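Asks: My questions are about this predicted structure, shown below with the sequence.
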Amino acid sequence: MSNNSKSSSKTPSYIAYQVRDRGENKNGFWTRIGSVWPHADGKGFNIQLECVPLDGRVTLRIASENKE
């Protein structure tokens with residue numbers, strides 16, 4: 001894989017989270033599992049996962065400096 005497919009920015013555009021639901025009317029558990037960078041040509045993304053969830057779902061959120 002060449003470095004041309006990754007944006008020149010070292011800061012990810014999105015953060016990948018595993019979200020496990022806890023049931024009705026309860027907030028889910030969000031665990032950060034990786035980061036996402038857009039390709040320089042704008043036609044795709046590189047996703048770097050630190051782990052792969054076996055249950056729940058993967059959600060991508062716009063990266064911000066504020067901790068959510």
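Replies: On my side now, so go ahead.

Asks: could you turn the longest strand anywhere in the chain into CSV, dropping everything but the C-alphas?
Replies: Longest strand of the chain, by residue count under DSSP state E: strand 29-38. Provided in CSV are the C-alpha atoms of strand 29-38 (Å, rounded to 0.1, in the frame of the first residue of the first chain):
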residue,chain,number,x,y,z
PHE,A,29,-21.4,1.6,25.7
TRP,A,30,-19.1,3.4,23.3
THR,A,31,-15.5,2.1,23.0
ARG,A,32,-13.0,3.8,20.7
ILE,A,33,-11.5,1.1,18.4
GLY,A,34,-9.8,3.1,15.6
SER,A,35,-9.3,6.1,13.4
VAL,A,36,-10.3,7.0,9.8
TRP,A,37,-8.5,9.2,7.2
PRO,A,38,-9.9,10.2,3.7
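
Asks: For that strand, name the packing helices and strands.
Replies: Contact partners of strand 29-38 among helices and strands, from 3 or more C-beta pairs under 8 Å, 6 or more residues apart in numbering; DSSP states H and E: strand 14-20, strand 45-49, strand 57-62. The C-beta positions use only the backbone N, C-alpha and C, and glycine is treated the same way.

Asks: Need the residues that contact stretch 54-68.
Replies: 11-21, 28-30, 33, 35-36 (C-beta atoms under 8 Å, 6 or more residues apart in numbering).
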